[in-house]
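*Asks:* for reference, the sequence and a predicted model appear below.
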Amino acid sequence: MIPFTQTSLDKLESLFKTLGFKVRYEKGSFRTGACMLENSKVIVVNKFSNLEVKIQSLVSILKEIDIEVDLLEEKQLQFYHIINPQ
C-alpha cells in the first residue's frame, strides 16, 4: 500500500489526469470520500475528508475502473502496479 502523504495524493491526481479523468474537491452529501459521476470522467472528492480518506477513496476508484496502461509514463505505471498489483 502507498503511504498516506500529500505526495501520494499528488501522484494519484496526476495518474487520473493522464487517464483523462478530472478530480474535483467539493462538498457534497455523498457518504464516501469520493464518487465518480455516472458515465463521465469526473471524480468528486469530499473536500472535508482527511488525507487518508481522500487517498483510500481514489485508490478504490482506480481499482474499479478499466484503465489504458499504454497512456501511463513509466513512473506512473510503477506507481499503478504498487496500488493494483496483478
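*Replies:* Sure, I can see it. Numbers count the residues shown, from 1 in each chain.
*Asks:* can you tell me the element the spatially most central residue of the chain falls in?
*Replies:* In the chain, the residue lying closest to the centroid (CA atoms, centre = their mean) is Leu58, at 3.2 Å. Using DSSP states H and E, Leu58 maps to helix 51-64.
*Asks:* ok now that helix, how far from the chain's centre?
*Replies:* Taking CA atoms, centre = their mean, to the nearest Å, the mean C-alpha location of helix 51-64 is offset from the chain mean by 5 Å.
*Asks:* circling back: so the residue nearest to the centre of the chain makes contact with Met36?
*Replies:* No: in this structure, Leu58 is not within contact of Met36 by CB atoms under 8 Å, at 10.1 Å. C-betas here are computed from N, CA, C, even on glycine.
*Asks:* which residues do those two both contact?
*Replies:* Ile43 (CB atoms under 8 Å, 6 or more residues apart in numbering).
*Asks:* coming back round to it: pull the contacting residues for the residue nearest to the centre of the chain.
*Replies:* Counted by CB under 8 Å, 6+ apart, Leu58 has contacts 9, 12-13, 16, 23, 34, 43, 45.
*Asks:* looking at the residues you listed, which are in helices?
*Replies:* Judged by DSSP state H, helices contain the following of these: 9, 12-13, 16.
*Asks:* measure Val23 to Met36 for me?
*Replies:* 10 Å (CB to CB, to the nearest Å).
*Asks:* then Val44?
*Replies:* Distance from Val44 to Met36, by CB to CB: 8 Å.
*Asks:* which helix or strand in the protein has the lowest average pLDDT?
*Replies:* The weakest-scoring helix or strand in the chain, judged by mean pLDDT, DSSP states H and E, is strand 34-36 (a mean of 76).
*Asks:* what helices or strands is that one leaning on?
*Replies:* Contact analysis of strand 34-36 by 3 or more CB pairs under 8 Å, 6 or more residues apart in numbering; DSSP states H and E lists strand 42-46, helix 51-64 as its packing neighbours.
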